[in-house]
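K.L.:
predicted model and sequence below, questions to follow.
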There are 2 protein chains.
Amino acid sequence: MNLKELATKLGLSPTTVSRALNGYPEVNEATRERVMAAAKRHNYRPNTRAIRLATGRALAIGHVIPLATRHEIMNPIFADFIAGAGETYSRNGYDMLLSVVPDEEEEQAYRDLKSRGSADGVILHAPRMNDPRIPLMHEIGIPFVVHGRATDTALPYSWVDVNNRRAFQRATEFLLDLGHARIGLVNGLEFMDFAIRRRTGYADAHAARGLPLDPALMSSDEMTEISGFRAASAMLDLPDPPTAFLVASMISGMGVRRAIEGRGLTMGRDISVIIHDDDLSYLKNGDDVPIFTATRSSVREAGRIAAEMLLAIITQHGSEPQNRLLEAELIIGQSTGPAPRRA
Amino acid sequence: MNLKELATKLGLSPTTVSRALNGYPEVNEATRERVMAAAKRHNYRPNTRAIRLATGRALAIGHVIPLATRHEIMNPIFADFIAGAGETYSRNGYDMLLSVVPDEEEEQAYRDLKSRGSADGVILHAPRMNDPRIPLMHEIGIPFVVHGRATDTALPYSWVDVNNRRAFQRATEFLLDLGHARIGLVNGLEFMDFAIRRRTGYADAHAARGLPLDPALMSSDEMTEISGFRAASAMLDLPDPPTAFLVASMISGMGVRRAIEGRGLTMGRDISVIIHDDDLSYLKNGDDVPIFTATRSSVREAGRIAAEMLLAIITQHGSEPQNRLLEAELIIGQSTGPAPRRA
DNA sequence: AATCATACTCAAACCGCTTTGGATGCCGCA
DNA sequence: TGCGGCATCCAAAGCGGTTTGAGTATGATT
């Protein structure tokens, strides 16, 4: 059932039917109702392909996911972000287009999205310092929103980000207030922007109290269980081990916990741990009582916000870059406590 | 730059240019090369919207993700499956369309995909017993492939699945051979098809040796760290606790490990554990030496295979339902060992 | 030399919708 | 009575490709 058929069935022209359905004013209210009713009755859905061609809009938002060596992107965080963004898209009649491409084809993937006209905008994931994709988007001329920020980027851009620096600064202060003097940082890969900011927060908190930073207490790796375990193990084996850890994710936190408990220590009593919790739907930090004390910020919510921002930019095109900084909550769980007295 | 412009620039008709680019035989080889070169030079990309309308194909595969209460679907497994499928799509010039919709709109989402012509086929995730989506797909008349199987489904359908029954049967036998007499099953939600099959495998292995099943040793819940912890804790507190666990996922396995180690027991010595490992890119079961003994099957590979199957079905339409049963490997790690002698 | 494939190439229709630029009829008003 | 204005509706022209059905050389065949 297409427009033309519906029109002849109604004894109207396609023009009128189209206008009636799309809420244009130049159609009699009675006629509109008749058309609406007929459309419903015949279960008419306009063909998206035709709409897209006729209007020149893609009605779709692209997400490019490079695969290959770096695993950081197609990760659990990404899945939740997508879920949040996807909700917003479908509520607004947009499709979500995922392009999974080999690393080296990433740039071309963005170009194709534009030149073949299959997306009206894109969301950039996992920005790094001075991310080359931002100038690329400007060159291509496609609306975009970055999930995160890209330090050292000269060009303006819209973004949605968590205040990672502040979150880690607060968490560090919280630990310092509890009397912890040596705090281990189990960070994500530090070419990722968020990891840099978190480290800055950790450093700022130390600096504010005139405390030195010990490189031996700062690690940076992918956020896996194993790397968390390794990093924590190495630090715990130091002659002067930390009494607390600040950990970049729930998953690496699990590895940290394993290292702690494997040494017969108790988390929350002997060693305190604070993690960053992205509030993933399938990786909850406890239900009633949080397991880990955590800086929490829903990545799913970030997805929703980023999507709304992008759609707004697309519709009222030519607007100023927008941005939104989300503050993480500090959730007190069972994994932190006062620093143990020196033996 | 569009077809018509390119054609006039070349002094040819759009017809010829189109044919030259699409490899039709009725065009002079010299002309074709000339066209190809010009296309490259002017960086011409055919407009996808126009192709879709003209050919009537969507050149896209749909994945519908219901959200809301059940968290089982937008989960880490899903992300990896998507990555695998996405690779295949982009290699074949297809787009991946993700529809994230509220639970109650799921059916309508599938219908729209078809009636608005935005997908040539769909992949069904996380099938349950007697899954209503399978008759729905038949009614709608859209090609589809199921990731997993749906027990008790009368209609024929194509699927890609892991031999979950066999995997868990082998794992159980492996534990029994090591002398474990009481094996705890920490299963996923048993309205999911894969969980049912795993339980069957576990039961079959017991039955084959004439061993009874103890309901107290069989749990079923979402596959989270916490629920793994809870299930294992409860079983370990039994008067006659298990000496081994069979666990549905890496994440719940972490909870099981926490329960074990929290009791001062050592995994692999006091208590053996076998998990199912979906070989997720960011949740590796160790790198060189596996942490957990595991039944392993790459869900990403399953994604690739399912996507290929679906594309094949779409191109040579009207073919028989296809299916592919993947066998899981049994990977020996550090979490299993002979049953401890009775005290 | 006439006939006939064969190899190229093109004009035009079409995909299903939107949108421009009229038509048409009716009313109010001078 | 004549005319501008308003409310409705429509024909037709896109959007940018693909595909059908011919047309025109060219060379081979008889």
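P.N.:
Perfect, thanks for sending it. Numbers count the residues shown, from 1 in each chain, chains lettered A, B, ... in the order given.

K.L.:
any low-confidence regions in chain A?
P.N.:
Under the criterion pLDDT under 70, the flagged ranges of chain A are A:68-74, A:318, A:342-343.

K.L.:
just say helix, strand or coil for the residue of the stretch 101-250 of chain A found nearest DNA strand C.
P.N.:
Residue nearest to DNA strand C within the stretch 101-250 of chain A: residue A:117 (13.2 Å; Cβ to the nearest atom of the strand). C-beta coordinates here come from the backbone N, C-alpha and C atoms, glycine included. Recorded secondary structure, residue A:117: coil (DSSP: H, G, I helix; E, B strand; the rest coil).

K.L.:
OK, now which residue of the stretch 101-250 of chain A is nearest to DNA strand D?
P.N.:
Closest to DNA strand D within the stretch 101-250 of chain A is residue A:117: 7.4 Å, counting by Cβ to the nearest atom of the strand.

K.L.:
near DNA strand C, which residues of the stretch 151-300 of chain A show up?
P.N.:
Taking Cβ under 7 Å from any atom of the strand as the criterion, DNA strand C has no neighbours within the stretch 151-300 of chain A.

K.L.:
how about the strands in the stretch 151-300 of chain A?
P.N.:
Assigned by DSSP state E, counting those that start in this stretch, the strands in the stretch 151-300 of chain A fall at A:158-162, A:183-187, A:218-220, A:244-247, A:272-277, A:293-296.

K.L.:
go on, the stretch 1-150 of chain A?
P.N.:
A:60-66, A:95-101, A:121-124, A:144-147.

K.L.:
just the C-alphas of the last one, formatted as PDB.
P.N.:
These are the backbone C-alpha positions of strand A:144-147, laid out as PDB (Å, rounded to 0.1, in the frame of the first residue of the first chain):
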ATOM      1  CA  PHE A 144      28.400  15.800  15.100                       C
ATOM      2  CA  VAL A 145      28.600  15.500  18.900                       C
ATOM      3  CA  VAL A 146      31.500  14.000  20.800                       C
ATOM      4  CA  HIS A 147      31.000  11.700  23.700                       C
END
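
K.L.:
burial of the residue in the stretch 51-200 of chain A that DNA strand C sits nearest to, as a residue count?
P.N.:
As assessed by Cβ to the nearest atom of the strand, DNA strand C sits closest to residue A:54 within the stretch 51-200 of chain A, at 3.3 Å. Neighbour count for residue A:54, taken as other Cβ atoms under 10 Å in any protein chain shown: 13.

K.L.:
then residue A:193?
P.N.:
Close neighbours of residue A:193, defined as other Cβ under 10 Å, add up to 24.

K.L.:
run through the residues that contact it.
P.N.:
A:127-129, A:131, A:148-151 (Cβ atoms under 8 Å, 6 or more residues apart in numbering or on different chains).

K.L.:
quick check, residue A:230 in contact with residue A:255.
P.N.:
Yes - using Cβ atoms under 8 Å, residue A:230 is in contact with residue A:255, at 7.3 Å.

K.L.:
who's more crowded, the two?
P.N.:
Comparing residue A:230 with residue A:255 by other Cβ under 10 Å, the one with more neighbours is residue A:255, at 24 against 18.

K.L.:
sorry, back to before: mind giving me the PyMOL command for buried ones among the contacts of residue A:193?
P.N.:
Selection of the buried residues among these in PyMOL, burial being defined by 16 or more other Cβ atoms under 10 Å in any protein chain shown:
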select buried, chain A and resi 127+128+131+148+149+150
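
K.L.:
measure whichever residue of the stretch 201-343 of chain A sits closest to DNA strand C to residue B:99 for me?
P.N.:
Nearest to DNA strand C in the stretch 201-343 of chain A, going by Cβ to the nearest atom of the strand, is residue A:315, at a distance of 13.2 Å. According to Cβ to Cβ, to the nearest Å, residue A:315 stands 21 Å off from residue B:99.

K.L.:
just the strands of the stretch 1-150 of chain A: most buried one?
P.N.:
strand A:144-147 (a mean of 26; mean count of other Cβ atoms under 10 Å in any protein chain shown).

K.L.:
can it be said to contact chain B?
P.N.:
No - applying Cβ under 8 Å from any Cβ of the partner chain, one finds strand A:144-147 out of contact with chain B, separated by at least 15.4 Å.

K.L.:
contacts for that strand, please.
P.N.:
For strand A:144-147, the surrounding residues in contact (Cβ under 8 Å, 6+ apart) are A:81, A:121-127, A:131, A:134, A:137, A:157-161, A:302-303, A:306, A:309-310, A:313, A:322.

K.L.:
strands paired with that strand, and their directions?
P.N.:
Sheet pairing of strand A:144-147 (DSSP bridges) gives strand A:121-124 (parallel), strand A:158-162 (parallel).

K.L.:
now the angle from the last one to strand A:272-277?
P.N.:
Strand A:158-162 and strand A:272-277 are oriented at 150 degrees to each other (axes from the mean of the first three to the mean of the last three Cα atoms, to 10 degrees).

K.L.:
can I get strand A:158-162 as CSV, trimmed to CA atoms?
P.N.:
Extracted in CSV, the C-alpha atoms of strand A:158-162 (Å, rounded to 0.1, in the frame of the first residue of the first chain):
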residue,chain,number,x,y,z
SER,A,158,29.8,20.0,20.6
TRP,A,159,30.2,17.5,23.4
VAL,A,160,28.7,15.6,26.3
ASP,A,161,31.1,14.5,29.0
VAL,A,162,31.4,13.5,32.6
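
K.L.:
so how far is it off the chain centroid?
P.N.:
Relative to the centre of its chain, strand A:158-162 is centred 9 Å away, using Cα atoms, centre = their mean, to the nearest Å.

K.L.:
one step back: ok, the residue of the stretch 101-250 of chain A closest to DNA strand C - contacts?
P.N.:
For residue A:117, the contact set (Cβ under 8 Å, 6+ apart) comprises A:52, A:56, A:58, B:47-49.

K.L.:
what's the closest non-adjacent residue to residue A:194?
P.N.:
Spatial nearest neighbour of residue A:194, excluding adjacent residues (Cβ to Cβ, 6 or more residues apart in numbering or on different chains): residue A:164 at 4.9 Å.

K.L.:
surely that neighbour and residue A:192 touch.
P.N.:
No - assessed by Cβ under 8 Å, residue A:164 is found out of contact with residue A:192, at 10.1 Å.

K.L.:
between those two, which has more neighbouring residues?
P.N.:
Between residue A:164 and residue A:192, counting by other Cβ under 10 Å, residue A:164 is the more crowded of the two (26 against 23).

K.L.:
and the more buried one, how far from residue A:124?
P.N.:
On the measure of Cβ to Cβ, residue A:164 and residue A:124 end up 17 Å apart.

K.L.:
quick check: nearest residue in space to the residue of the stretch 201-343 of chain A found nearest DNA strand D, chain neighbours excluded?
P.N.:
The nearest approach of the stretch 201-343 of chain A to DNA strand D comes at residue A:317, 17.2 Å away (Cβ to the nearest atom of the strand). Nearest residue to residue A:317, sequence neighbours excluded (Cβ to Cβ, 6+ apart): residue A:143, at 6.8 Å.

K.L.:
all the helices of the stretch 101-250 of chain A, residue numbers only.
P.N.:
Secondary structure of the stretch 101-250 of chain A by DSSP state H, counting those that start in this stretch: the helices cover A:106-115, A:133-140, A:164-177, A:193-208, A:225-236, A:250-262.

K.L.:
which of these is buried the deepest?
P.N.:
Mean neighbour count, computed with mean count of other Cβ under 10 Å, is highest for helix A:250-262 among these, reaching a mean of 25.

K.L.:
tilt between that one and helix B:250-262?
P.N.:
Orientation check (the same axes, to 10 degrees): helix A:250-262 against helix B:250-262 gives 20 degrees.

K.L.:
which outside residues touch helix A:250-262?
P.N.:
A:76, A:186, A:188, A:223-233, A:236, A:245, A:247, A:266-267, A:270-271, A:273, A:275-278, A:280, A:283, A:285, A:292, A:294, A:335, B:225, B:254, B:257-258, B:261-262, B:282-283.
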